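In: A predicted structure for the sequence below; I have some questions about it.
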Amino acid sequence: MNIRKEPGLTFDDVLLVPKRSPLRSRQDANTSTTLLPGINLAIPILSANMDTVTESEMAIAMARLGGMGVIHRFMPIERQVSEVRRVKRAENLIVEEPYTIPPDVTVAEAQQKMVEWGSGGLLVTDAEHHLLGVLTPRDILFEDNPERPIHELMTPRERVVTGSPGTTMEDARQILHEARVEKLPLVTTDNRVVGLITATDIVKRQKHPQATKDEKGRLRVGAAVGVKIGELERIRALIEADVDVIVLDIAHGHSDHALDIIQTIRREFGDTVKMIAGNVASAAGVRDLVEVGADAVKVGVGPGSICITRLVTGFGVPQLTAISECAEAARQYNIPIIADGGIRTSGDLTKALAAGAQTVMIGSLFAGTQESPGRIVQRKGRRYKISRGMASLGATMSRQDNSDLDWNQIVPEGVEAMVPYRGNVSEIIQQLVGGLRSGMSYAGAQTIPELQENAEFMPITGAGLQESKPHDVELL
Ligand code: XMP
C-alpha cells in the first residue's frame, strides 16, 4: 500500500505561533495581493462561482470592496455575458457611449427614455453626434404640454459646460464643482460627443478607493466556464464582453480534459486572456496546469462546506496540506494559487494565506448575504438563504442540458443547505479583513508575503482545539 507517513492537515489541526511584531496598529498591515500576473487585489478574497453566491450584484460589491467575484456558468451564454456587462458598466471613468436623444423628441418621449435608461439627464445631439444641449428631469418636471419638443426646454449648447476628450478625473471634478453641474460631456473641437463624465461616478470612486478596476476604470470581474466543446463559444462571448478573468471550473482539474481546453484557449485567444484553472490538490496538478498555460491555479478538492466529494469518491487532501504543497510547486513558476473552499472564519483565511495561498475563494459564507442570488426564506422565525453545491442533486437537475436526465443516474457530490441571512457582504468582509490584519500583526508581518515567510504552524491536539474555542462558560 502506498501510504504517506504524515497525516494531511486542515485549518483546525494547527495554530500559528505568535512572533515579535513591529506593527503598532492593525492598519499597518497591507492586505494587497496578486490574483494573477497583471491583476492585483486590495483584499485577498474572491466570491465563488456558485449559483447561490455570485452573479453581477455580488461581483459589483466584491470589486468595490477590493476583491473580485466570479460569475457562475450555470446559465445560458447570453445571460452570463449580460451579467459580466452589468459589472463592467457599474462604474466608469468615462461613459464612452452616453445616451443621446434628437432635439425634436417630445417631453413625453424624453420622460419615457429617462425611466427606461435610468438616466438622470440626456445629451441632445444631431444625427452626426454634434452636441446641441442637455436635458435634465428638472427641465421638464412642470411642463404641462407633453407634446412640446425638448429643444425648447433643454439647456442650449452655448450654456453647457464641456470638457475635451483628454479631460482627467481631477479636471472634471474641478469643472463640475465650479459650474455646479452634474454632467460633463466631452466633445471634440468640432463639437462631436465622445464621452461623458458624471458627478455620480466620481462620488462612487471616492467612496471605494480600494476598488478592483481595469485600465479604463471599470470594475473587474471573472466568469467561470466548463470544459465541454461548446464552451469555446462561451469563452469567445465573455472575452468580447471584456471579462477580466476566465475561470476554468472543473471538479477534477488535473485531467486531460482540462489540459486540452487550456491549450485550445491559448491557441485560439493568445496570451492576453487571463486564465485561472482548477481545482487541484497536488503539486503535480499545479505543474501540469501551469505548463500548459494557466496564469493561476485554484486549489481544493472536497474542503467546501457543501461538498461531499470526499465521502462519495474517497478522494481529497485536507485543505491546509493541499495549499502548502500546491504553493510550493507554484512558487517555482512564480504563479499564484487560490485556496478554494472551507473558509469559515478570519482565522482560516489567515492560515490559508500563511500556508502559501495568494487569495482565497469563499462560497457559503457569502451565500447568506443580501448580494447573493436567491430569496430570503423564513424558518421558525429566522431568516436564511440557500447555499448549494454545484454538483448537488438540485443544481444538477436544474441545468438546461440535463432536463431529460434520469434522477437515478445522478451521483451527487454536493448538498443543498440553508445558511443564516447575514446582511450585506461588506459586513462579513470587514470582519474577515479585520481578523486578517490582527493575524498579520501576530505574525509580525506588514504584507502577505511576510506573513508567509514568518509563518510557523504548530499542530495541535483535540484539547488544543477545545481550548481555542469559548469553553466552560454559558454563551449569551
Ligand atoms: P465554501 O466552503 O466556501 O466552499 O462554501 C466553496 C467551494 O466549494 C466547491 N464546490 C463544491 N465541491 N461539490 C464539491 O465537492 C460541490 O457540489 C461543490 N459546489 C461547490 C467550489 O470549489 C466552491 O468554490
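Out: Ah, there it is.
In: Which stretches in the stretch 1-150 of the chain count as helices?
Out: Remark: helices assigned in the stretch 1-150 of the chain by DSSP state H, counting those that start in this stretch are 56-64, 77-90, 107-117, 137-140.
In: out of these, which comes closest to the ligand?
Out: Counting by Cβ to the nearest ligand atom, the ligand lies closest to helix 56-64 out of the helices of the stretch 1-150 of the chain; the figure is 12.9 Å. C-beta: built from backbone N, CA, C; applies to glycine.
In: Output the helices of the stretch 1-150 of the chain in JSON lines; the columns should cover distance to Thr33 and mean neighbour count.
Out: Output for the helices of the stretch 1-150 of the chain, formatted as JSON lines (distance: least, Cβ to Cβ, whole Å; neighbours: other Cβ atoms under 10 Å):
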{"stretch": "helix 56-64", "distance to Thr33": "14", "mean neighbour count": "25"}
{"stretch": "helix 77-90", "distance to Thr33": "20", "mean neighbour count": "19"}
{"stretch": "helix 107-117", "distance to Thr33": "37", "mean neighbour count": "15"}
{"stretch": "helix 137-140", "distance to Thr33": "43", "mean neighbour count": "16"}
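In: got the ones you listed as a markdown table, with distance to Leu23 and mean pLDDT columns?
Out: Output for the helices of the stretch 1-150 of the chain, formatted as a markdown table (distance: least, Cβ to Cβ, whole Å; pLDDT from 0 to 100):
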| stretch | distance to Leu23 | mean pLDDT |
| --- | --- | --- |
| helix 56-64 | 26 | 97 |
| helix 77-90 | 34 | 94 |
| helix 107-117 | 48 | 88 |
| helix 137-140 | 50 | 89 |
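In: nearest to Gly423, of those?
Out: The closest of the helices of the stretch 1-150 of the chain to Gly423 is helix 56-64. By Cβ to Cβ, the value is 11.8 Å.
In: if we can go back for a sec, could I get the helices of the stretch 1-150 of the chain in TSV, plus columns for distance to the ligand?
Out: Formatted as TSV, the helices of the stretch 1-150 of the chain follow (distance: least, Cβ to the nearest ligand atom, whole Å):
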stretch	distance to the ligand
helix 56-64	13
helix 77-90	17
helix 107-117	36
helix 137-140	43
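In: top helix in this structure by residue count?
Out: In the chain, taking DSSP state H as the definition, the longest helix is helix 425-442.
In: what packs against it?
Out: strand 45-47, helix 56-64, helix 346-354, helix 364-367, helix 448-454 (3 or more Cβ pairs under 8 Å, 6 or more residues apart in numbering; DSSP states H and E).
In: run the last query once more with 7 Å
Out: helix 56-64, helix 346-354, helix 364-367 (3 or more Cβ pairs under 7 Å, 6 or more residues apart in numbering; DSSP states H and E).
In: what does the stretch 351-476 of the chain put close to the ligand?
Out: Met361, Ile362, Gly363, Ser364, Leu365, Gly389, Met390, Ala391, Ser392, Glu413, Gly414 (Cβ under 6 Å from any ligand atom).
In: Isn't the fourth one up against Pro420?
Out: If I follow you right, that is Ser364. No: taking contacts as Cβ atoms under 7 Å, Ser364 lies outside contact range of Pro420: 10.4 Å.
In: Who has more neighbours out of these two?
Out: Ser364 (25 against 11; other Cβ atoms under 10 Å).
In: quick revisit: list the buried residues for the longest helix of the chain?
Out: Across helix 425-442, burial judged by 16 or more other Cβ atoms under 10 Å covers 425, 428-429, 432-433, 435-442.
In: what do you get for stretch 253-262?
Out: Gly253, His254, Ala258, Leu259, Ile261, Ile262.
In: hmm, it in reach of the ligand?
Out: No: applying Cβ under 6 Å from any ligand atom, one finds stretch 253-262 out of contact with the ligand, separated by at least 10.0 Å.
In: wait, what's in contact with Glu416?
Out: By Cβ atoms under 7 Å, 6 or more residues apart in numbering, the contact list for Glu416 reads Ile386, Arg388, Ser392, Gly394.
In: quick one: which of the residues you listed is nearest to the ligand?
Out: Ser392 (5.2 Å).
In: Report the secondary structure state of Met361.
Out: Recorded secondary structure, Met361: strand (DSSP: H, G, I helix; E, B strand; the rest coil).
In: and the closest residue to it other than its chain neighbours, how many neighbours?
Out: In space, and not counting its chain neighbours, Met361 is closest to Asp340: 4.0 Å by Cβ to Cβ, 6 or more residues apart in numbering. Neighbours of Asp340 under the rule other Cβ under 10 Å: 30.
In: Would you mind listing the residues in contact with Asp340?
Out: Contacts of Asp340 (Cβ under 7 Å, 6+ apart): Gly278, Asn279, Lys298, Val299, Gly300, Met361.
In: JSON lines please, covering the residues you listed and showing neighbour count and secondary structure.
Out: As requested, those are exported to JSON lines (neighbours: other Cβ atoms under 10 Å; DSSP: H, G, I helix; E, B strand; the rest coil):
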{"residue": "Gly278", "neighbour count": "29", "secondary structure": "strand"}
{"residue": "Asn279", "neighbour count": "29", "secondary structure": "strand"}
{"residue": "Lys298", "neighbour count": "29", "secondary structure": "strand"}
{"residue": "Val299", "neighbour count": "33", "secondary structure": "strand"}
{"residue": "Gly300", "neighbour count": "30", "secondary structure": "coil"}
{"residue": "Met361", "neighbour count": "31", "secondary structure": "strand"}
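In: Tell me where the model's unsure across the stretch 201-350 of the chain.
Out: By pLDDT under 70, the stretch 201-350 of the chain has no low-scoring segment.
In: the helices in it, which residues?
Out: Under DSSP H, counting those that start in this stretch, the stretch 201-350 of the chain gives helices at 231-240, 256-269, 283-291, 309-313, 319-331, 346-354.
In: I'd like these laid out as CSV, including distance to Ala179.
Out: Formatted as CSV, the helices of the stretch 201-350 of the chain follow (distance: least, Cβ to Cβ, whole Å):
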stretch, distance to Ala179
helix 231-240, 37
helix 256-269, 44
helix 283-291, 53
helix 309-313, 60
helix 319-331, 52
helix 346-354, 46
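In: Out of the ones you listed, flag the one nearest Asn2.
Out: Of all these, helix 283-291 comes closest under Cβ to Cβ, at 14.2 Å.
In: Compute the inter-axis angle for that closest one and helix 256-269.
Out: 20 degrees (axes from the mean of the first three to the mean of the last three Cα atoms, to 10 degrees).
In: now the helices of the stretch 1-150 of the chain in a markdown table, with distance to Gly222?
Out: Output for the helices of the stretch 1-150 of the chain, formatted as a markdown table (distance: least, Cβ to Cβ, whole Å):
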| stretch | distance to Gly222 |
| --- | --- |
| helix 56-64 | 8 |
| helix 77-90 | 9 |
| helix 107-117 | 28 |
| helix 137-140 | 36 |
